[in-house]
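In: sequence unknown, structure follows:
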């Protein structure tokens, strides 16, 4: 494949990936708020142990003990 | 188990008590109403205090006393409402006050809640600065929830940089 054609193919492929990413973000944004709260609570549970390995947590930094 | 709606309900009761004139949820929790979820461990609530409390040395003293009466424990600058760290922030700039006055009303699982509007959320993130807030502003812009012309007008009126709009 000539160099220009190869560059064009790579560029088109990168564009498709970026478009797919943007569309995933927009789909996440359109979720019902309650579902987004559920995701936030899950993020807190998953991330906090990792954060705790790198620094001291502040007293109030803990997963929220609630349901969405 | 309590829900986020229970927290909003408690904040509504605080407003009904007259100790705050108006409130609006801000920060990452407000972002949930417009864009994709982003991590946070506390809930920011901007409040406009009654005129009598605004010029006191400790303007939130009455709010902390109310929390104590309601059995909500204070932890540093937060009040734990059903275990969720809530930070009440008096409107400290003209932009914050405008954001509260123009907040949007939502219904969360049957509970009314006032949330800073999308354009004001971006403007507040720019005003406060910092990498995480800038990231949040970009999330809001990518969500498609922000009216660019309205945001530009707010940024210009409060003498804030419009660079974020010029770059998109």
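Out: Happy to help now that I have it. Everything numeric in this text was worked out from a predicted model, so none of it was measured.

In: can you pull the buried residues of the helix or strand bottoming out on mean pLDDT in chain B?
Out: Least confident helix or strand, chain B: helix B:51-54 with a mean of 85, by mean pLDDT, DSSP states H and E. By neighbour count on 16 or more other Cβ atoms under 10 Å in any protein chain shown, the buried set for helix B:51-54 is residue B:53. C-beta: built from backbone N, CA, C; applies to glycine.

In: Quick one: residues in contact with it.
Out: By Cβ atoms under 8 Å, 6 or more residues apart in numbering or on different chains, the residues outside helix B:51-54 that reach it are B:19, B:59, B:61-62, B:90.

In: Figure out how far it is from the centre of its chain.
Out: How far helix B:51-54 lies from its chain's middle: 20 Å, per Cα atoms, centre = their mean, to the nearest Å.

In: now do stretch B:99-116
Out: Averaging C-alpha positions (Cα atoms, centre = their mean) puts stretch B:99-116 10 Å from its chain's average.

In: Kindly report the same for stretch A:39-55.
Out: 14 Å.

In: Stretch B:144-164 now?
Out: 18 Å.

In: That stretch near chain A anywhere?
Out: Yes: using Cβ under 8 Å from any Cβ of the partner chain, stretch B:144-164 reaches chain A at B:144-145.

In: before we move on, what about stretch B:103-115?
Out: Yes: under the criterion of Cβ under 8 Å from any Cβ, chain A is reached by stretch B:103-115 at B:106, B:108-109.

In: Could you list the low-pLDDT ranges of the chain?
Out: Picked chain A for this. For chain A, the stretches with pLDDT under 70 are A:1.

In: Switch to chain B, please.
Out: Along chain B, segments meeting pLDDT under 70 span B:168.

In: Pull the number of nearby residues for the closest residue to residue B:138 other than its chain neighbours.
Out: In space, and not counting its chain neighbours, residue B:138 is closest to residue B:164: 7.4 Å by Cβ to Cβ, 6 or more residues apart in numbering or on different chains. For residue B:164, the count of nearby residues is 21 (other Cβ atoms under 10 Å in any protein chain shown).

In: Do I have it right that residue B:164 meets residue B:127?
Out: No: with contact defined as Cβ atoms under 8 Å, residue B:164 does not count as touching residue B:127 (11.8 Å).

In: re earlier: Provide the secondary structure category for the residue nearest to residue B:138.
Out: Following DSSP: H, G, I helix; E, B strand; the rest coil, we place residue B:164 in the helix state.

In: Enumerate every residue touching it.
Out: Contacts of residue B:164 by Cβ under 8 Å, 6+ apart are B:122, B:126, B:134, B:137-138, B:141.

In: For chain B, which residue occupies the most central location?
Out: residue B:26 (2.2 Å; Cα atoms, centre = their mean).

In: meant to ask about chain A, not that
Out: residue A:25 (7.8 Å).

In: and it, helix, strand or coil?
Out: Per three-state DSSP, residue A:25 ends up helix.

In: Kindly report the same for residue B:85.
Out: strand.
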